[in-house]
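# Sharing a model prediction with you, sequence too.
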Amino acid sequence: MTEQLSADDWIKEGLKALAKSGFTALKADPLARAMGVSRGSFYWHFADLGAFHGAVLKRWREIAAEQIIADVEAAGDEPLKALLRSSFGARLDLERAVRNWAAFDAGAQGAVRAIDRRRLDYIEEQLALRGLDRATAQARAQILYWTFLGFALSAAPVPAARLQGMIDEILRMVSA
């Protein structure tokens, strides 16, 4: 690379490495080799590996919750339906990688807890807007989220037509 790298470039490369190879790939040397630079650039932007890990987790929270919610809200479609299509239709390698990382690292575990809470709150809010009482909205949000996590962690490919049928059925189940 001929141009100077930014912290954002390192974070993007970190997310790619995390999704592809897991959290053990989040080290300065292999990332620098992949980017064709010295690891000095890494330490210019991050005080240490922990700071880099924190930045990667922060970005994951932004793209895996806040960006999805913003996209859902901007879609103009019914938000819960758009959320289901987006969530169940996405590549979930990064989701699996971060959750695996959380089994070994307190920082990743905190990020996962925070994103789980944010996502659950959003789903619950959407169900309440459909007229469900608070207790029912909470219960259905939790069930829906567990369904998503099971899907995400299974990594089983589902043909598009079958996936759409499953999404339609999930929507009927949580809205009944």
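Cool, the structure landed.

# biggest helix in this protein, by residue count?
Looking across the chain with DSSP state H, the single longest helix is helix 106-129.

# Please compute how far that one lies from its chain's middle.
Distance of helix 106-129 from its chain centroid, counting by C-alpha atoms, centre = their mean, to the nearest Å, is 11 Å.

# Tell me the buried residues in the next helix or strand after it?
Downstream of helix 106-129, the next assigned helix or strand under DSSP states H and E is helix 134-154. By 16 or more other C-beta atoms under 10 Å, the buried positions in helix 134-154 come out as 137, 138, 140, 141, 144, 145, 147, 148, 151, 152. For the C-beta atoms, the positions are set from N, CA and C on the backbone; glycine is no exception.

# got TSV for the residues you listed, with pLDDT and distance to residue 162 too?
Formatted as TSV, the buried residues of helix 134-154 follow (pLDDT from 0 to 100; distance: C-beta to C-beta, whole Å):
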residue	pLDDT	distance to residue 162
137	96	28
138	96	29
140	95	23
141	96	24
144	95	19
145	96	21
147	94	15
148	94	16
151	92	12
152	92	17
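
# I'd like to check which residues are in contact with the residue nearest to residue 112 when sequence neighbours are not counted.
Spatial nearest neighbour of residue 112, excluding adjacent residues (C-beta to C-beta, 6 or more residues apart in numbering): residue 102 at 4.4 Å. Neighbouring residues of residue 102 by C-beta atoms under 8 Å, 6 or more residues apart in numbering: 108, 109, 111, 112.
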